[in-house]
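J.: from the sequence below, what's the structure:
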Amino acid sequence: MIVYRVQDKRGRGPFKPGMSHRWSDEDFAPGMESLLTWPEEFGFDLINRDGRPGEHFGSAVRDPMELSRWFSKTEQEKLHKLGYRPVALRVDRVLAESKDQLVFARQKPLWRNARPIQWPL
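T.: From the prediction side, this is the model:
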């Protein structure tokens, strides 16, 4: 299965601790104010509960257009300058999923075979 996410060249997403203040706007992307972080939505123990040894985990969406719900146009520009890109990524399995996001697992590190894509319009 292919999913879409935003990450840097090491496979880290922009919501890592201490990072979001560098790129987030006061004006959220449309509808973003109602989006929960994956630990809030699926439980802080999701990885401990459903993860397997040796797996790498991340959050993503199924359709690249959904990235625009999470990141405004100005946030996308800031993220680009900070070295973050939207990517398509093949994952091994989905641990949890809602209408807004999913949490996945894969055997390979998140940076490996991540195919950069254009920001959706």
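J.: drop to CA atoms for contacts and neighbour counts, all remaining ones
T.: OK.
J.: the helices in the protein, which residues?
T.: 38-42, 46-50, 67-70, 73-81 (DSSP state H).
J.: need the residues that contact the first one.
T.: Counting by C-alpha atoms under 8 Å, 6 or more residues apart in numbering, the neighbours of helix 38-42 from elsewhere in the structure are D45, L46, S59, A96, Q101, L102, V103.
J.: can I get the residues you listed in TSV with distance to S24, neighbour count and pLDDT?
T.: Below are these laid out as TSV (distance: C-alpha to C-alpha, whole Å; neighbours: other C-alpha atoms under 10 Å; pLDDT from 0 to 100):
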residue	distance to S24	neighbour count	pLDDT
D45	26	10	98
L46	26	15	98
S59	18	20	98
A96	25	18	98
Q101	19	23	98
L102	21	19	98
V103	22	21	98
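J.: can I get those residues in TSV with distance to Q7?
T.: Putting these into TSV (distance: C-alpha to C-alpha, whole Å) gives the following:
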residue	distance to Q7
D45	23
L46	21
S59	10
A96	20
Q101	15
L102	15
V103	14
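J.: just the residues you listed now: which is nearest R112?
T.: The nearest member of the contacts of helix 38-42 to R112, counting by C-alpha to C-alpha, is S59 at 15.7 Å.
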